[in-house]
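K.L.:
Any chance you can model this:
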Amino acid sequence: MRIGFSALLTEGGRSGIGQHIINLLGALQEIDRANQYVIFVLAGDRSLEAITAPNFTVVRVPGFFSRPIASILWHWTVLPILVRRWRLDLVHLPSYRRLCPLSPCPVVVTVHDLAVLHEPAKYGKLRHLYVRSVIRRLLKQSTQIIPVSESTRQDVLGFVGFNPERVSVSHNGIDHKRYYPMDREYCRAEVARRYGIHPAFILCVARLEHPGKNLVRLIEAFTRLKSETGLPHQLVLAGARWNGAEAIYQAAEVSGFAKDVVFPGFVPAEDLPLFYNAADLFVLPSLHEGFGIPVVEALACGTPVASSKIAALTEVGGNGVLYFEPLNVLEILETMARLIDDPLLRGRCREQRLERARRFTWEESADKTQAAYRQAAGQEEAIQAHRTVWRAK
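P.N.:
Next up is the predicted model:
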């Protein structure tokens, strides 16, 4: 097959979708020498420079199409032309936010989450309306949909009303050559040297987004924990600014512990293992997630993890994580305190954490993605065969 892949949302790997694209293509490159791939990526984006296999062709798209509206228009108008020009048999769109309703070939779409259904204020009224009206109809035109978790699969089935046989889960993976238990003192020293952050600290890796990532409540829980127990830790919120970040900065400023709430900004993938291994605890308090890659990364480093008791995170974390109700500040506080204060609990759960993380690999994700490609191609062949028989009659 000749497979087209839209990588316009790679964003240099600064987002979860970007990391998904980079790692999935890297894994497909390793396991697939039979199919031909044509990867469309923005000019100036160097995050796919490792894609060098002879059956992978990278096509540069003008940087103008990095803008959201322009990107949507490119997928609607230019991509169908490129599909014909490159004689593609199938096109994979790794985010439902960029669809190709006029594609002349089968379309496979990855859905990372449908947070807009759970958090209407996340993207604003106009985008919420766009997703509920336009995107819903366009998703129905897809040949195959790949959700990254069973939780997201249920959202897709409920929202789109899609044929369950055409919705196949493919979990995200992590790079186990990068995320693994490292010497803790070395990692602490490196985080201190590179970022000026000294032990001990609690870590959260998430975009600075409000209210979806629930970071204001995390700051409130951290503040109460320090006030009530004299906890010496800092809270490190590693992530790029996004919608509502001002509310998060404000919460830190009025907490009474502003110096202990640290914002290092976006941390590149090569430094993240240092943070996970240096942290005493990793916390992800999100109100909604489609998967939760940082949870798996932390588990793979052997770091104690506390997270929201929401469907996707319990699916991913299993018995390697302690959970809390994300709207309950006291429960967030108590869960963090348990994992910090109880060394037996931290040690007893370590092997469970490592074992859980081993389940998620990009190689398995690539295998399941290829299965979705074959299923989509098979569906198109069946449709064409039916049309041929009908016309013959």
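
K.L.:
From here on, just use CA atoms for contacts and neighbour counts.
P.N.:
Will do.

K.L.:
Check whether residue 8 sits in a helix, strand or coil.
P.N.:
Classification of residue 8 using DSSP: H, G, I helix; E, B strand; the rest coil returns coil.

K.L.:
Same check on residue 34?
P.N.:
Secondary structure state of residue 34, per three-state DSSP, is coil.

K.L.:
can you tell me how far it sits from residue 1?
P.N.:
Residue 34 is 8 Å from residue 1, where distance means C-alpha to C-alpha, to the nearest Å.

K.L.:
okay, the two: which has more neighbours?
P.N.:
Neighbours per residue (other C-alpha atoms under 10 Å) separate residue 34 from residue 1, with residue 1 holding more: 14 against 9.

K.L.:
how's this protein carved up into domains?
P.N.:
According to automatic domain parsing, the chain comprises the domains 2-173+361-392, 184-357.

K.L.:
tell me the contacts of residue 136?
P.N.:
159-160 (C-alpha atoms under 8 Å, 6 or more residues apart in numbering).

K.L.:
And the strands in the stretch 101-250 of the chain?
P.N.:
107-111, 144-147, 201-205, 234-238 (DSSP state E, counting those that start in this stretch).

K.L.:
how about the ones you listed, which one is nearest residue 349?
P.N.:
Each of these has some distance to residue 349 by C-alpha to C-alpha; the shortest is strand 201-205, at 17.7 Å.

K.L.:
Just the CA trace of the closest one, in CSV.
P.N.:
Extracted C-alpha coordinates of strand 201-205, given in CSV (Å, rounded to 0.1, in the frame of the first residue of the first chain):
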residue,chain,number,x,y,z
PHE,A,201,10.0,18.1,44.9
ILE,A,202,6.7,16.8,43.7
LEU,A,203,6.4,16.8,39.9
CYS,A,204,3.5,17.3,37.5
VAL,A,205,4.0,17.2,33.7
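
K.L.:
so what's residue 284 bridging to?
P.N.:
Beta-bridge pairing of residue 284, defined through DSSP bridges, involves residue 307.

K.L.:
what residue ranges in the stretch 51-200 of the chain score low on pLDDT?
P.N.:
119-125, 127-128 (pLDDT under 70).

K.L.:
Tell me where it has helices.
P.N.:
With DSSP state H, counting those that start in this stretch as the criterion, the stretch 51-200 of the chain has helices at 68-73, 79-85, 115-118, 125-130, 136-140, 150-160, 184-195.

K.L.:
how about these in JSON lines, adding distance to residue 344?
P.N.:
Listed next are those as JSON lines, based on distance: least, C-alpha to C-alpha, whole Å:
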{"stretch": "helix 68-73", "distance to residue 344": "49"}
{"stretch": "helix 79-85", "distance to residue 344": "56"}
{"stretch": "helix 115-118", "distance to residue 344": "36"}
{"stretch": "helix 125-130", "distance to residue 344": "46"}
{"stretch": "helix 136-140", "distance to residue 344": "48"}
{"stretch": "helix 150-160", "distance to residue 344": "32"}
{"stretch": "helix 184-195", "distance to residue 344": "18"}
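
K.L.:
closest one to residue 359 among those?
P.N.:
Nearest to residue 359, of all these, is helix 150-160, at 14.9 Å by C-alpha to C-alpha.

K.L.:
Of the domains of the chain, which stretch is the most buried?
P.N.:
Of all those, domain 184-357 carries the top mean neighbour count, a mean of 19, counting by mean count of other C-alpha atoms under 10 Å.

K.L.:
circling back: of all the strands of the stretch 101-250 of the chain, which lies closest to residue 61?
P.N.:
With distances scored as C-alpha to C-alpha, the stretch of the strands of the stretch 101-250 of the chain nearest to residue 61 is strand 107-111 (19.8 Å).

K.L.:
Report all helices and strands that that closest one contacts.
P.N.:
On a contact count with 3 or more C-alpha pairs under 8 Å, 6 or more residues apart in numbering; DSSP states H and E, strand 107-111 meets strand 90-93, strand 144-147, helix 362-392.
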